[in-house]
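**Student:** Curious how this folds, go ahead:
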Amino acid sequence: MTARPERVPAEEVRQRMLDAGRELADEVGAALTIEHLRLEEVIQRARVPRSSVYRMWAYREDYIDDLLCHLAGGGSWFSDRPVLDPKTLADITQILSENAALLGTLEGRRALLCEIARVTVTRNYVGLSESTPWRLHMALVATLGSTRTGDARKRIAAALEDSQRRSREMMVNVLVQLSGVVGLRPRHPAYTLDHMALAGGLLVQCLALRNVQIQAAVGAPEGPGMASASDTALVDGLLNDPVPGPGLHGEPAEWTMAAFAYLGVLDAFMELDPDFKGPGSQAAPG
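**Tutor:** Numbering: from 1, shown residues only. From the prediction side, this is the model:
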């Protein structure tokens, strides 16, 4: 007897197809090429019955619309990762535990704030620059207006915005926790942690996107209308060569431009509360 084909619930078919499409999109690494995905290739990757797939998506374009919504929302780079990876959180914990005495003074809190910004932003900038899923997400943002139309565009735009919202809310939560340790407060009543999270997050993402572009140009042949190798090297150096900045104990430390620029945004919106009395704080002399 011929074995009966596996019965797969409709919702599982849908999820397998979206996950398989995401895998293929990550391998390809660019949103525009998603338009050229072959449905049969996705079905083979997902290992689901063809009949179930075509009942769910009568036309290939319908599947592509749903896949793009998935990549923009529930299957996006922002949906399955914390704002700070475990290694970064471990670094922050180590910085604070090894320098707890600095929490007792305003100057010490400032040094800790700078060091945490230096470490976390640098790691985030490098992580974004090297992340294929994040580049795919940004490609979706960049190509949305030219690749889809009508209701599909609205659904994808809404999913993209929801992903960014979740990321911003997680970053606000990180800032709340940091404020509770070093005593941060807004410089003006109109400023909020949402302002800081949005401005700082966009700054780092834009610099990482520029870094992706410049790394792709490194070693490219020169020609008419193309940047010279010296121009490419200049921008690469500006983005990635260390710049001097404040260190933990008064000595200068090496900063990336992304971290140093983020510190400028942080200082524009936030300040250390001189009256903050957190763990390890010393009372001001009477």
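
**Student:** Helix, strand or coil: sort out Gln7 for me.
**Tutor:** You called it Gln, but residue 7 is Arg. coil (DSSP: H, G, I helix; E, B strand; the rest coil).

**Student:** tell me the contacts of it?
**Tutor:** Contacts for Arg7 were tallied using CB atoms under 8 Å, 6 or more residues apart in numbering; there are none. For every residue, glycine as well, the C-beta is placed using N, CA and C.

**Student:** Local confidence estimate at it?
**Tutor:** As predicted, Arg7 sits at a pLDDT of 74.

**Student:** From Ser51, how far out is it?
**Tutor:** 11 Å (CB to CB, to the nearest Å).

**Student:** try Ala259
**Tutor:** Distance of Ala259 to Ser51, computed by CB to CB: 53 Å.

**Student:** Please apply the same query to Glu11.
**Tutor:** Using CB to CB, one gets 16 Å for the distance from Glu11 to Ser51.

**Student:** And Trp57, by the same measure?
**Tutor:** For Trp57, the distance to Ser51 - CB to CB - is 12 Å.

**Student:** Look at those two and report which has more neighbours.
**Tutor:** Remark: of Trp57 and Ser51, Trp57 carries more neighbours, 19 against 10, as counted by other CB atoms under 10 Å.

**Student:** Phi and psi next, for that one.
**Tutor:** Dihedral pair for Trp57: phi -130, psi 100, per degrees, to the nearest 10.

**Student:** List the residues that contact it.
**Tutor:** Leu39, Tyr63, Asp66.

**Student:** if we go to 7 Å?
**Tutor:** Each residue near Trp57 by CB atoms under 7 Å, 6 or more residues apart in numbering is listed here: Tyr63.

**Student:** For whatever helix or strand Cys206 lives in, name the packing helices and strands.
**Tutor:** For Cys206, the element it lies in under DSSP states H and E is helix 193-217. Counting contacts by 3 or more CB pairs under 7 Å, 6 or more residues apart in numbering; DSSP states H and E, helix 193-217 is packed against helix 106-130, helix 150-182, helix 229-240, helix 257-269.

**Student:** Downstream of the last one, the next helix or strand is which one?
**Tutor:** Note on helix 257-269: by DSSP H and E, the next helix or strand toward the C-terminus is strand 270-272.

**Student:** partners of that next one in the sheet?
**Tutor:** strand 184-186 (antiparallel) (DSSP bridges).

**Student:** Give me the contacts around the partner strand.
**Tutor:** Against strand 184-186 from outside (CB under 7 Å, 6+ apart): Leu178, Thr192, Phe269, Met270, Glu271, Leu272, Asp273.

**Student:** make it 10 Å
**Tutor:** Strand 184-186 has contacts (CB atoms under 10 Å, 6 or more residues apart in numbering) with 109, 113, 175-176, 178-179, 191-193, 195-196, 266, 269-276.

**Student:** Show the average pLDDT along it.
**Tutor:** 95.
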